[in-house]
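[1] sequence isn't available, so here's the structure alone:
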């Protein structure tokens with residue numbers, strides 16, 4: 001019912017920057033929280049950045065000061081600007097959203113995208 005489409009991953013050298021973007025689509029009535037998760041090889045997925053409908057942001061300590069999350073509520077999009085990237089930031093980045101779908105009836109949803117690969121070379 002809700003699809004999340006990510007873009008912007010790729011290969012970058014250490015110290016470089018990347019911007020990830022995600023658009024939520026489908027029978028959306030409202031999107032509450034949005035965020036980005038990261039899954040490094042052989043590790044569990046962690047939510048590294050999130051943002052509420054009102055714009056309150058939260059980051060894990062390892063990305064604070066380097067990553068910036070933002071959203072456009074009118075377009076149901078969320079971006080993640082990643083600066084000063086290091087090899088430890090390598091992984092698959094997944095977009096996350098939760099909220100309410102409007103069809104066939106109001107129902108809560110929470111969804112993850114398919115992921116986009118980010119590789120940081122040293």
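    Looks like it arrived, so ask away. Here the structure is a predicted model, which means the values were calculated and not measured. Residues are numbered from 1 along each chain as shown.
[2] residue nearest the centroid of the chain?
    In the chain, the C-alpha nearest the mean C-alpha coordinate belongs to residue 36, at 2.5 Å (C-alpha atoms, centre = their mean).
[3] hang on, it packs against residue 79?
    No - proximity of residue 36 to residue 79 does not meet the contact threshold set by C-beta atoms under 8 Å, at 9.1 Å. In this view, the C-beta of every residue, glycine as well, is placed from N, C-alpha and C.
[4] find residues that contact each of the two.
    Common contact partners of residue 36 and residue 79 (C-beta atoms under 8 Å, 6 or more residues apart in numbering): 20, 22, 69.
[5] could you single out the nearest of the residues you listed to residue 98?
    For the shared contacts of residue 36 and residue 79, the minimum distance to residue 98 (C-beta to C-beta) is 13.2 Å, reached by residue 22.
[6] can you name the residues bridging to the closest one?
    residue 6, residue 78 (DSSP bridges).
[7] now do the contacts for residue 60.
    Going by C-beta under 8 Å, 6+ apart, residue 60 touches 46, 47, 48, 49.
[8] could you do residue 22 as well?
    The neighbours of residue 22, taking C-beta under 8 Å, 6+ apart as the test, are 4, 5, 6, 7, 34, 36, 77, 78, 79, 95, 97, 113.
[9] same check on residue 3?
    Applying C-beta under 8 Å, 6+ apart to residue 3 gives the contacts 24, 25, 26, 111.
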